[in-house]
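# can't give you the sequence, but here's the structure:
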């Protein structure tokens, strides 16, 4: 409404005689306010450059994030998260019996290559022979089975991984990743060092079964339990802590049988797309106990590793990319409409002038170049302003970018090319219309 009021107010304000006398003078009167129209088009082009650059940066970030090397294919890994009924499966014996039966049944499902119980939390630690610590040390502690390393393709660097004997006997051994070894263990001989997990000490002192018992017993005082480091595995992005640019967190892996109550999920690796095996695995859970829920609800929903990344890690950058792309598309549309409107209007005002030029011998190519030259000036001014604006504006989304600089030259160059192509395309139709002007008809235009 405001934009419509501007020409309406201009039409009723000011002396009438100059407008009447100038109505047939060709382009002189019509271009009286060409500067305002051109300024609006230049502003549209500049804003479009900023929007397209932002969308391009988010696209590159999202593409890089979703195509990073995780060390394994998340599409072939499925996590079944258990929601146990209240006051059930709280004791170590019950939880151990359930997962042993679930492991046996899961391995009988065709297409399931490996299966492992899985659970994890953060824990403070103490290390024998470690460096002097100025602050509490913390690590991710994972309770898993022996196939965990094959499911997530964890490469062994030194020592050994968890064996069947470790799992069966519940031995106090641990396998740590490179980040753990670098930060907490002596470089000379990391294997054989002893690690105490405060979380496990608290688990022994306050078992989950006691917390839910009708007659709770007195809690035992925490006692230190030392786990021997028997192997070092490669670092890997943990889907539960995000695939950001931060360095991998220290991680320690222990047999799931030493703390069955800490296990909440079953991880499996499949021969194909993991989503196809979801229903079969959920059915195995319900065969053991139909009251156990899986996934986010009790409706039998499971989540592949790819789904977890999409749901928890990629959702926000994907939303930002879609929104910026939508605004950029609208901006490009406005650029095309604005450039086309100004050029078409100017061509219509210059009909008389064009006819005279063609009557004096101007060729169609000369008319085409003239129209495109005027459009190119508008586009160049808008691109110049847009590049300067994008250089500053894209710094506002620095925290949303991943492995891409806010001033990435390739992205800015791509945005410039897209906007220039859109602007030139918008100039072609008015330019072709100017080429089709009949000189005799143009001379009679007045």
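Alright, I've got the coordinates. These figures come from a predicted structure and were not determined experimentally. Numbers count the residues shown, from 1 in each chain.
# hey, where'd the strands end up in the stretch 51-200 of the chain?
77-83, 112-127, 137-144, 156-159, 173-177, 194-197 (DSSP state E, counting those that start in this stretch).
# Least confident of the ones you listed, on average?
Between these, the one with the least mean pLDDT is strand 77-83; it has a mean of 86.
# Need the winner for burial among the strands of the stretch 51-200 of the chain.
strand 173-177 (a mean of 27; mean count of other Cβ atoms under 10 Å). Quick note: C-beta positions are derived from backbone N, CA and C, even for glycine.
# Strand partners (parallel or antiparallel) of that strand?
When pairing is defined by DSSP bridges, strand 173-177 lines up against strand 226-233 (parallel), strand 251-255 (antiparallel).
# will you turn the strands of the stretch 51-200 of the chain into a markdown table that also has distance to residue 248?
As requested, the strands of the stretch 51-200 of the chain are exported to a markdown table (distance: least, Cβ to Cβ, whole Å):
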| stretch | distance to residue 248 |
| --- | --- |
| strand 77-83 | 18 |
| strand 112-127 | 14 |
| strand 137-144 | 10 |
| strand 156-159 | 13 |
| strand 173-177 | 7 |
| strand 194-197 | 18 |
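# Nearest to residue 63, out of those strands?
Closest to residue 63 of the strands of the stretch 51-200 of the chain, according to Cβ to Cβ: strand 77-83, at 21.6 Å.
# What is the burial count for residue 421?
By the criterion of other Cβ atoms under 10 Å, residue 421 has 12 neighbours.
# want to try CSV for the strands paired with strand 173-177, with mean neighbour count and distance to residue 2 as columns?
Putting the strands paired with strand 173-177 into CSV (neighbours: other Cβ atoms under 10 Å; distance: least, Cβ to Cβ, whole Å) gives the following:
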stretch, mean neighbour count, distance to residue 2
strand 226-233, 20, 64
strand 251-255, 24, 59
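# Relative to residue 178, which of these is closest?
strand 226-233 (6.5 Å).
# can you tell me how far residue 149 sits from residue 81?
21 Å (Cβ to Cβ, to the nearest Å).
# Can you report phi and psi for the closest residue to residue 395 other than its chain neighbours?
Spatial nearest neighbour of residue 395, chain neighbours left out: residue 406 (4.9 Å); criterion: Cβ to Cβ, 6 or more residues apart in numbering. Dihedral pair for residue 406: phi -60, psi -30, per degrees, to the nearest 10.
# So residue 228 sits against residue 166, correct?
No: using Cβ atoms under 8 Å, residue 228 is not in contact with residue 166, being 10.5 Å away.
# Please name the nearest non-neighbouring residue to residue 113.
Residue 113 sits nearest to residue 269 (Cβ to Cβ, 6+ apart), 4.8 Å away.
# For the one you found, the count of nearby residues, please.
By other Cβ under 10 Å, the burial measure for residue 269, its neighbour count, is 23.
# Likewise for residue 275?
For residue 275, using other Cβ under 10 Å, the count is 15.
# Residue 179 now?
As a measure of burial, residue 179 has 18 neighbours, counting by other Cβ under 10 Å.
# so it touches residue 251, yeah?
Yes: assessed by Cβ under 8 Å, residue 179 is found in contact with residue 251 at 6.9 Å.
# hang on, the earlier thing: could the strands paired with strand 173-177 go into CSV alongside distance to residue 91 and mean pLDDT?
What follows is those, written out as CSV (distance: least, Cβ to Cβ, whole Å; pLDDT from 0 to 100):
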stretch, distance to residue 91, mean pLDDT
strand 226-233, 22, 94
strand 251-255, 18, 94
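# Dump these to TSV, plus distance to residue 200.
Shown next, in TSV, are these (distance: least, Cβ to Cβ, whole Å):
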stretch	distance to residue 200
strand 226-233	8
strand 251-255	8
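# between those strands, which one is nearest to residue 112?
strand 251-255 (21.1 Å).
# after the closest one comes which helix or strand?
From strand 251-255 onward toward the C-terminus, using DSSP states H and E, the following helix or strand is strand 265-270.
# Which neighbouring elements make contact with the next helix or strand after that following strand?
Using DSSP H and E, the helix or strand that follows strand 265-270 in sequence is helix 278-288. Identification of packing neighbours for helix 278-288 by 3 or more Cβ pairs under 8 Å, 6 or more residues apart in numbering; DSSP states H and E yields strand 77-83, helix 92-107.
# Now the very next helix or strand once past helix 278-288: average pLDDT?
Later in the chain than helix 278-288, the nearest helix or strand by DSSP H and E is strand 293-294. If you average the pLDDT over strand 293-294, you get 80.
# ok, now stretch 376-386?
Stretch 376-386 comes out at a mean pLDDT of 90.
# Identify the residues contacting it?
38, 41-50, 53, 335, 339, 342, 415-416, 419-420, 423-424, 427 (Cβ atoms under 8 Å, 6 or more residues apart in numbering).
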